[in-house]
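Chemist: coords below, sequence missing:
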C-alpha cells in the first residue's frame with residue numbers, strides 16, 4: 001500500500017525537482033505533476049513524487065492522521081484524541097451533495 005505524506009518545499013533544485021521535508025524526512029521530490037512551487041508550499045508526496053498541492057490545514061490534518069496511525073500501531077493509543085481535535089465532539093455532517101436529498 002502506498003500512503004501519501006505531506007512535505008514542505010525547502011528549495012527548488014531544478015525545473016522538475018524540489019528538496020522537501022516533512023514527517024521527519026528530507027527528500028528530493030519529482031515536481032512534474034504539480035510544477036514549480038514556492039518555498040514553503042505543502043505537497044502530498046507518493047513514491048517521491050508530488051501529486052497534489054495542499055493548504056496548511058490539509059497538511060496538518062494528514063500529518064495528524066498519520067501520527068495517530070503510528071500511535072495506534074506502536075503504543076497503547078494514548079494521545080490519539082488530541083490529533084483529531086477538529087472532529088471530536090462535532091456532530092456528523094452530510095456532504096453537500098446529499099444535503100438536498102434529506103431536506
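Modeler: Great, that's in hand. Being a predicted model, the structure only gives us computed values, none of them experimental.
Chemist: now the helix or strand containing residue 73, how far from the centre of its chain.
Modeler: Using DSSP states H and E, the element containing residue 73 is helix 56-74. When distances are taken as Cα atoms, centre = their mean, to the nearest Å, helix 56-74 is centred 8 Å away from the chain's centroid.
Chemist: can you list contacts of that helix?
Modeler: Contacts made with helix 56-74 from outside it, assessed by Cβ atoms under 8 Å, 6 or more residues apart in numbering, are listed as 3-6, 8, 22-23, 42, 44, 54, 77-80, 83-84, 86. C-betas here are computed from N, CA, C, even on glycine.
Chemist: if we use 6 Å, what do you get?
Modeler: Here helix 56-74 makes contact (Cβ atoms under 6 Å, 6 or more residues apart in numbering) with 6, 42, 80, 83.
Chemist: stretch 36-44 too?
Modeler: Counting by Cβ under 6 Å, 6+ apart, stretch 36-44 makes contact with 4, 6-9, 12, 50-52, 54, 59, all of which sit outside it.
Chemist: I'd like to know which of these are buried.
Modeler: When these are checked for burial by 16 or more other Cβ atoms under 10 Å, the buried set is 4, 6-9, 50, 54, 59.
Chemist: turn the residues you listed into JSON lines, including secondary structure and pLDDT.
Modeler: Formatted as JSON lines, the entries for those read as follows, by DSSP: H, G, I helix; E, B strand; the rest coil; pLDDT from 0 to 100:
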{"residue": "4", "secondary structure": "coil", "pLDDT": "93"}
{"residue": "6", "secondary structure": "strand", "pLDDT": "97"}
{"residue": "7", "secondary structure": "strand", "pLDDT": "97"}
{"residue": "8", "secondary structure": "strand", "pLDDT": "98"}
{"residue": "9", "secondary structure": "strand", "pLDDT": "98"}
{"residue": "50", "secondary structure": "strand", "pLDDT": "97"}
{"residue": "54", "secondary structure": "strand", "pLDDT": "97"}
{"residue": "59", "secondary structure": "helix", "pLDDT": "95"}
